[in-house]
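1. What follows is a predicted structure for the sequence shown.
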Amino acid sequence: MVALVTVLGTIVVALIQQVWSHQDSSSVAESATHAPFQTSPPASPSGGVAHVVRRQGRLVLKRWWGYDLDSQAPDWNGTPNGWRGHDVGYQPRPEMKTIVARQDQPSIAPLQAAPIHSYEDCATTLYTAPLVTEPWVARGYASCVLTDQGRYALLSIDELDDKQVSATVTVWD
């Protein structure tokens, strides 16, 4: 009788292990088939796609200097008397203040006044000119710049005078 109980106990334990093993593997398979699959970056809180900020900071555009918005250099690779070949520069003239961009294609666009701008603003705006002039070059205005490496940059003007423009710049990868 003891031998029969031992055999039955062994069979019951084996059956229980088999059932548990089957449940574990089916739940693993089920979770694998129902796991979320993402092919794009995660959504931002506003519901759009979150884009990686490559660099954000202050840029002081001196008159007649050019700046590389793709640069990681502290001074944005500023070059005196050489805005050509750079992503953006400042040209104050007696008749109007002008922010210039690359000349090889339209690469700058002013944005409508808004309390905040985003990647989507720069990605969906129409780039029609290589420069932006007053009244768009004024405190509180912003422009999008398409860099020579294909990145979008937002240039928000904080202060300006005849010698320089102080702006907050955000560049996205």
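-> Done, it's in. Numbering: from 1, shown residues only.

2. list the contacts for Gln164?
-> By CB atoms under 8 Å, 6 or more residues apart in numbering, the residues touching Gln164 are 60-63, 90. Every residue, glycine included, has its C-beta placed from N, CA and C.

3. Distance of it relative to Lys97?
-> Relative to Lys97, Gln164 is positioned 11 Å away (CB to CB, to the nearest Å).

4. for Val88, same thing?
-> Distance, Val88 to Lys97, by CB to CB: 13 Å.

5. Can you pull the phi/psi pair for Leu124?
-> I think there's a mix-up here, since residue 124 is Thr and not Leu. Main-chain dihedrals, Thr124, degrees, to the nearest 10: phi -110, psi -10.

6. shared neighbours, Gln164 and Lys97?
-> Residues touching both Gln164 and Lys97 (CB under 8 Å, 6+ apart): Tyr90.

7. Show me the helices in this structure, by range?
-> 2-34, 119-124 (DSSP state H).

8. worst average pLDDT in the ones you listed?
-> Note on the helices of the chain: lowest mean pLDDT is at helix 2-34, with a mean of 34.

9. so where's the chain uncertain?
-> Within the chain, the ranges that satisfy pLDDT under 70 run 1-49, 83-84.

10. quick check: domain ranges of it?
-> Listed domain ranges for the chain are 1-35, 53-172 (source: automatic domain parsing).

11. quick one on the thing from earlier: by neighbours, which of the contacts of Gln164 wins?
-> Highest neighbour count within the contacts of Gln164, by other CB atoms under 10 Å: Leu61, with 27 neighbours.

12. Next up, the contacts around that residue.
-> With contact set as CB under 8 Å, 6+ apart, Leu61 has these partners: 67, 88-90, 99, 164-167.

13. hey, what's Leu155 bridged with?
-> Beta bridges link Leu155 to Ser143, Val169 when assigned by DSSP bridges.

14. Go ahead and confirm it touches Ala142.
-> Yes. Using CB atoms under 8 Å, Leu155 is in contact with Ala142, at 6.4 Å.

15. Show me which of the two is the more surrounded one.
-> Leu155 (29 against 23).

16. Now for the more buried one: which residues touch it?
-> Shown in contact with Leu155 (CB under 8 Å, 6+ apart): 59, 88, 99, 142-145, 167-169.

17. Most neighbours among these, please name it.
-> Among these, Val88 has the most neighbours (other CB under 10 Å), with 29 neighbours.

18. if we can go back for a sec, with distance to Pro80 added, can I get the contacts of Leu155 in a markdown table?
-> Below are these laid out as a markdown table (distance: CB to CB, whole Å):
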| residue | distance to Pro80 |
| --- | --- |
| Leu59 | 15 |
| Val88 | 14 |
| Ile99 | 17 |
| Ala142 | 25 |
| Ser143 | 22 |
| Cys144 | 25 |
| Val145 | 20 |
| Ala167 | 18 |
| Thr168 | 23 |
| Val169 | 19 |
